[in-house]
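# Predicted structure and sequence below. I'll ask about it afterward.
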Amino acid sequence: MDPGGAVTENAVIPISLVAHTVFCPRRAWLEAAGERVESVAIAAGQAAHARVDRPSQASDARAVEVSHEQLGIVGRCDVVRDQRMVIEYKSTPLRRKPEVTDPQRVQIALQVICLRDAGVPIDEAAVYFTNHKKHIPVGLTPPELRTAAEWVARTREVVESEQPPQPLLDDPRCRGCSHSNVCLPEEVRGTKPKRRIMPADPAGQMVHLTTPGARASIRSGRLVVVKGDDQLASIPMEQVMGVVVHGNIDLSSALIRELLWQGKPLTWASDRGRTIGFATPTRRANGLARVRQHVASHEGRIGIARAIVTGKVLNQATLLRRNVPDSTAPASIRRSAELIKMASSLNELAGLEGLSAAAYFREFPKLLRGAAAPDFVKAWPGRTGRTARDPLNAALNFVYGMLLADVTAAVVSCGLDPHAGFLHSPGRNKPALALDLMEEFRAPIADSVVMGAINNGELTVAMFSTTLGDARLREIGRNRLVAAYERRVATVIKHPVFGYSVTWRRTIEVQARLMLAAIDGTQPEYRPMRIR
């Protein structure tokens, strides 16, 4: 595999990757495929390794690079003391007993093998637990060294495989694994998760830049937005989840570079919400999965397309049933959903989807209530798509644009290509896969945002301008919809399939990863998100 430069055939393997294989082969495959995650445990471990640069003894050699040509491994020893002892620094919570694990034993054994191969007479090894301030000796018996060398061969088999190993089943290691949120062990196996996926950090936020003529830059670790002499916002970068630029707003190159470096999504959109483009770093995960994705997109996967459309129309039916209980449209849409499950071509799917959409949007005005609703309903000609000549269509288009930005970010974070889809045609030069995945979220997220903003009086027709029959949001209207959208995607729900508490934004990423699992063969089919 070639996961962004991590491991290729006959290439050297990092010793740390061998340790990951001992812990969990799937974890090693994901790491080799470029899946990088940040966690408190990883940060603590990095801090512990950073302290190695402050030697406790003059005879300590620190951050020693090691390698073994025959085994094809490379690594770094935290400390080599008196050219006789290897010490590995680890961080473990104080509530846990400091114990040397099997992955740590293999890691140290391989370091010893490398050092001895280089002529360094190592005869002792230990793990130093920084929080407990305690050394634990590690044995260096010949059987342990042979076992460590065997794990190198096993690791090479794992990372050179075109498909990831199956997730562990009901294993306690998953609860403490930093990669559990990208591995999705129970979700991929189709079982109800026993672990809890935490919602996104409430301190983090997606930054929407909506003021024409403003400029965003980075200063002293903060994202600063100014217009002229006025400072409009100042946000610590660690609280920025990503940036969406609406309309004519400048970004400094330093800010763009920092967002790319941190892997945070950056999207440009028009002032009407239409997504124009996005920025991604050169290093991306799951390169082989992208190859399979393009092959599958070219050959066609009618099963995935059917699942996408089924999820979309059933969510539309549920939204109507909840809010317009006397409507007959939900029953009609559900009958169409049964036909969609049996569709044998994309043309047949498109026809059935169109019938369901027509029934849904005929009833859409009945979702609107409150003082502002009559003005929107009066101007509503029905769903018109991109060309919005009335406030309601303009509002829907704007929110659909924000949803597409979030879905695109989720698809890219998984290493997939937003442009190679299964329902929408990539031949039209659109982000087909992002548009595919977006379908099941239109009703529960975007349509619900517009409905709620109108019903609670947050959005009125006075917040739109019309020029030659063309409806556009004014800045106040854009800001109101941005705020309503961000509240919606930050809402914590109980996942209807897996049962854990999760935000809508995280749910989008879960679905993107289930799409990845269907593409790379880990999962036999794609299961759409359906509300109840």
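Looks like it came in fine.
# Show the residue spans covered by the strands in the stretch 101-250 of the chain.
Remark: strands assigned in the stretch 101-250 of the chain by DSSP state E, counting those that start in this stretch are 124-129, 134-137, 205-209, 215-219, 222-227, 230-236, 240-246, 250-251.
# should've said the stretch 401-532 of the chain
Using DSSP E, counting those that start in this stretch, the strands assigned to the stretch 401-532 of the chain run over residues 464-467, 470-473, 492-494, 501-503.
# Could you chop the protein up by domain?
According to the domain assignment given by automatic domain parsing, the chain is divided into the following structural domains: 13-183, 205-279, 287-520.
# Deepest in the core, which of those is it.
Each of the domains of the chain was given a mean neighbour count from mean count of other CB atoms under 10 Å, and the largest, a mean of 19, is that of domain 287-520. For the C-beta atoms, the positions are set from N, CA and C on the backbone; glycine is no exception.
# Ends of that one, what's the gap?
For domain 287-520, the first and last residues are 11 Å from each other (CA to CA, to the nearest Å).
# Please apply the same query to stretch 120-130.
26 Å.
# before we move on, the earlier item: with residue 135 as the reference, name the closest of the strands of the stretch 401-532 of the chain.
strand 501-503 (41.1 Å; CB to CB).
# what stretches of the protein score poorly on pLDDT?
Residue ranges of the chain with pLDDT under 70: 1-10, 36-58, 94, 186-203, 427-428.
# re earlier: let me have the strands of the stretch 101-250 of the chain in a markdown table, adding distance to residue 323 as columns.
As requested, the strands of the stretch 101-250 of the chain are exported to a markdown table (distance: least, CB to CB, whole Å):
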| stretch | distance to residue 323 |
| --- | --- |
| strand 124-129 | 56 |
| strand 134-137 | 61 |
| strand 205-209 | 27 |
| strand 215-219 | 38 |
| strand 222-227 | 37 |
| strand 230-236 | 35 |
| strand 240-246 | 28 |
| strand 250-251 | 39 |
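# Residue 154 is nearest to which of these?
For residue 154, the closest of the strands of the stretch 101-250 of the chain is strand 124-129, at 21.5 Å, according to CB to CB.
# Give me the contacts around the closest one.
Taking CB atoms under 8 Å, 6 or more residues apart in numbering as the criterion, the residues outside strand 124-129 that touch it are 79, 84-92, 98, 100, 104, 108-109, 111-112, 134-140.
# what about 7 Å?
With CB atoms under 7 Å, 6 or more residues apart in numbering as the test, strand 124-129 has contacts from 84-90, 92, 98, 100, 104, 108, 112, 135-138, 140.
# same deal with stretch 376-383?
Stretch 376-383 is contacted from outside by 361, 365, 368, 390-393, 454, 461, using CB under 7 Å, 6+ apart.
# Straight-line length of that stretch, end to end?
Using CA to CA, first and last residues of stretch 376-383 are 13 Å apart.
# oh, and call the first residue 57 from now on, that's how I've got it
All set: I'll call the first residue 57, so the last point we hit is now stretch 432-439.
# how close does the closest residue to residue 149 other than its chain neighbours get to residue 153?
With CB to CB, 6 or more residues apart in numbering as the criterion, residue 149 has its nearest non-adjacent residue at 6.8 Å, and that residue is residue 187. Applying CB to CB, to the nearest Å, the value for residue 187 to residue 153 is 12 Å.
# again, but for residue 391
In this structure, residue 391 and residue 153 are 60 Å apart, going by CB to CB.
# Equivalent analysis for residue 419, please.
In this structure, residue 419 and residue 153 are 61 Å apart, going by CB to CB.
# Could you do residue 570 as well?
The separation that residue 570 has from residue 153, given CB to CB, amounts to 37 Å.
# Spit out the contact partners of the residue of the chain positioned farthest from its centre.
Within the chain, the residue lying farthest from the chain centre (CA atoms, centre = their mean) is residue 177, at 46.1 Å. Contact criterion CB under 7 Å, 6+ apart gives 139-140 as the residues in contact with residue 177.
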